[in-house]
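Asker: For reference, the sequence and a predicted model appear below.
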Amino acid sequence: MPLIVNTRRVLPLFLCAAACLVSGCKPAAPPPPAPQAMPVQVAPVTLSPVPNSDTYVATIKSRRSSTMQPQVDGNLVKIFVKSGDVVKAGQVLMRIDPLKQVASVQSQQGTQAQKKAVYDYNKIEVERQRKLFEAGVVSRDTYEQADQAYQNSKGDYESNAALTDTQKQQLAYYDIRAPFNGVVGDIPVHLGDYVSPTTLLTTVDENADLEAYIYIPTERASLVRKGLPVQILDTAGNVLVKSSITFLSPQVDNGLQSILAKAEIPRTAQLLRNQQLVKARVTWSTAPAPTVPVLAVSTVGGQTFVFVATPKGEGYIAHQVPITVGETVGNTYPVLGGLQPGQKVITSGLQFLQEGAPVKPLG
């Protein structure tokens, strides 16, 4: 019986066998190797003392700051200093034209000389009349008249002498002198200007005995008290001076609805000046809180994150965790939410990490 072959099945098998003979059959490719774990430095989340504080804008003020205004009027004829000069107590800063007052003093001195001559004459005369009265040459009435003239001339002379002294003291007001050692401020007047007791000539500030004026909102009234620590900061947040609250106003500022607190600035703080605006950080209390190194924190779109080395299988992976932090304390951030003590945050190679990447903790 003849053999019947099904060509429909044999032909594909033949073609496949031919293709294998021509190109050679290869086994399936093995799966790619697992990615290498990246070595990273880690730091545990630890509990550290963290201050509970608020920061306010404060003004530095000197307890010895004087606004110089004249006590007499006239034209400025001399300005001996310029803004920024360091002056000593009693040093002459400016001079107002004293010629008119000098003339008054000289006139008064002339009148005083006349009255002194009358006084001296009556003094001699009353003594002469006394001797004549005792000798019985003149009457008591004559002697008493001489004595009365003497007393009148004495009172007139002494009154005039006092007026002369007053005029001389008035002459001293034409020299504007520094009330204490300090620094001259702005000088808005010029030579030849007519000035009066309402004219601002300049200011003299002693850059010592400084205080920070801090206005604390009334909602903090139950917390604020003397002795609370205060840190004076610059615009970059660096601590310039450490102090404490030394004064609390018994009244509330109605306009600001705040309480004035003052903190003394040590004399060694040469970086601060009168009327300078600074930041004042008032610490209400200190309590343990989780902290992480500043190097571990990154910010994306206003949200702060850290990478946590999380165990997975036999190794670790980088897990990105959003956290809430407070103000920096040294080189650490206090963590207000998102982490627990003991977790290990990654502090190196953050720019190369992504969620789920295998890591090898080194710290």
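Answerer: Received the coordinates, thanks.
Asker: what about the helices in the stretch 51-200 of the chain?
Answerer: Assigned helices in the stretch 51-200 of the chain, in chain order: 99-134, 140-172 (criterion: DSSP state H, counting those that start in this stretch).
Asker: for the first one, packing partners?
Answerer: What it means is helix 99-134. On a contact count with 3 or more C-beta pairs under 8 Å, 6 or more residues apart in numbering; DSSP states H and E, helix 99-134 meets helix 140-172. Any C-beta I mention is one placed from the backbone N, CA and C, and that applies to glycine too.
Asker: got any ranges where the stretch 1-150 of the chain has weak pLDDT?
Answerer: The model of the stretch 1-150 of the chain has pLDDT under 70 over residues 1-34.
Asker: any idea how this protein splits into domains?
Answerer: Structurally, the chain divides into domains by automatic domain parsing as follows: 38-50+289-361, 54-64+204-287, 72-96+174-199, 98-172.
Asker: before we move on, which element is the residue nearest the centre of the chain in?
Answerer: Residue closest to the average C-alpha location in the chain (C-alpha atoms, centre = their mean): V278, at 3.6 Å. For V278, the host element (DSSP states H and E) is strand 277-293.
Asker: low-scoring stretches of the stretch 251-363 of the chain, by residue?
Answerer: For the stretch 251-363 of the chain, the stretches with pLDDT under 70 are 268-270, 363.
Asker: which of the residues in stretch 244-257 are buried?
Answerer: Under the neighbour-count criterion of 16 or more other C-beta atoms under 10 Å, stretch 244-257 has I245 buried.
Asker: contact partners of that stretch?
Answerer: Applying C-beta atoms under 8 Å, 6 or more residues apart in numbering, the set of residues contacting stretch 244-257 from outside is 211, 214-215, 217-218, 224-230, 258-264, 282.
Asker: Near L93, how many other residues are there?
Answerer: Residues contacting L93 under the criterion other C-beta atoms under 10 Å number 20.
Asker: how far is stretch 161-176 from where the chain is centred?
Answerer: Averaging C-alpha positions (C-alpha atoms, centre = their mean, to the nearest Å) puts stretch 161-176 42 Å from its chain's average.
Asker: repeat for stretch 188-207
Answerer: Taking mean C-alpha positions (C-alpha atoms, centre = their mean), stretch 188-207 and its chain are 26 Å apart.
Asker: gap between the two ends of that stretch?
Answerer: Distance across stretch 188-207, first residue to last, is 21 Å (C-alpha to C-alpha, to the nearest Å).
Asker: residues in contact with that stretch?
Answerer: Applying C-beta under 8 Å, 6+ apart, the set of residues contacting stretch 188-207 from outside is 62-79, 81, 83, 87, 93-94, 96, 176, 178-187, 270, 273-274.
Asker: Buried among those residues? Make that a PyMOL selection.
Answerer: In PyMOL, selecting the buried portion of those, with burial taken from 16+ other C-beta under 10 Å, looks like this:
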select buried, resi 62+64+65+66+68+70+72+74+76+79+81+87+93+94+96+176+178+181+182+183+184+185+187+274
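Asker: taking the contacts of stretch 188-207 one by one, which sit in strands?
Answerer: Per DSSP state E, strands hold the following members of the contacts of stretch 188-207: 62, 65-68, 74-79, 87, 93-94, 96, 176, 182-184.
Asker: Now do the same contact list for the residue nearest to K100 when sequence neighbours are not counted.
Answerer: The shortest distance from K100 to any residue other than its chain neighbours is 7.1 Å, reached at G74 (C-beta to C-beta, 6 or more residues apart in numbering). G74 makes contact with 96-98, 100, 174, 194-195, according to C-beta under 8 Å, 6+ apart.
Asker: Just the residues contacting stretch 346-359, thanks.
Answerer: Under the criterion C-beta under 8 Å, 6+ apart, residues 34-43, 293, 295-296, 298, 306-309, 312, 315-320, 361, 363 lie in contact with stretch 346-359.
Asker: quick one: which of those residues sit in strands?
Answerer: Among the contacts of stretch 346-359, the ones falling in strands (DSSP E) are 38-40, 42-43, 293, 298, 306-309, 312, 315-320, 361.
Asker: Please pick the buried ones from the contacts of stretch 346-359.
Answerer: 40-43, 293, 296, 306-309, 316-320, 361.
Asker: For T166, state which of those is nearest.
Answerer: The shortest distance between T166 and any of those, using C-beta to C-beta, involves P293 and amounts to 73.7 Å.
Asker: My guess is the closest one contacts P44. True?
Answerer: No - taking C-beta atoms under 8 Å as the definition, P293 is not a contact partner of P44, at 10.3 Å.
Asker: Now list whatever residues contact both of those two.
Answerer: Between them, P293 and P44 share the contacting residues V345, judged by C-beta under 8 Å, 6+ apart.
Asker: Could you give the backbone dihedrals for P179?
Answerer: Phi and psi for P179, reported as degrees, to the nearest 10, are phi -80, psi -20.
Asker: Kindly export the helix or strand A263 falls within (C-alpha atoms) in PDB.
Answerer: Secondary structure from DSSP H and E places A263 in strand 258-265. These are the backbone C-alpha positions of strand 258-265, laid out as PDB (Å, rounded to 0.1, in the frame of the first residue of the first chain):
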ATOM      1  CA  SER A 258       1.700  93.900  71.800                       C
ATOM      2  CA  ILE A 259       3.900  94.000  74.900                       C
ATOM      3  CA  LEU A 260       7.200  95.800  74.900                       C
ATOM      4  CA  ALA A 261      10.100  93.600  76.100                       C
ATOM      5  CA  LYS A 262      13.700  94.700  76.300                       C
ATOM      6  CA  ALA A 263      16.900  92.700  76.100                       C
ATOM      7  CA  GLU A 264      20.200  94.200  77.100                       C
ATOM      8  CA  ILE A 265      23.000  94.000  74.500                       C
END
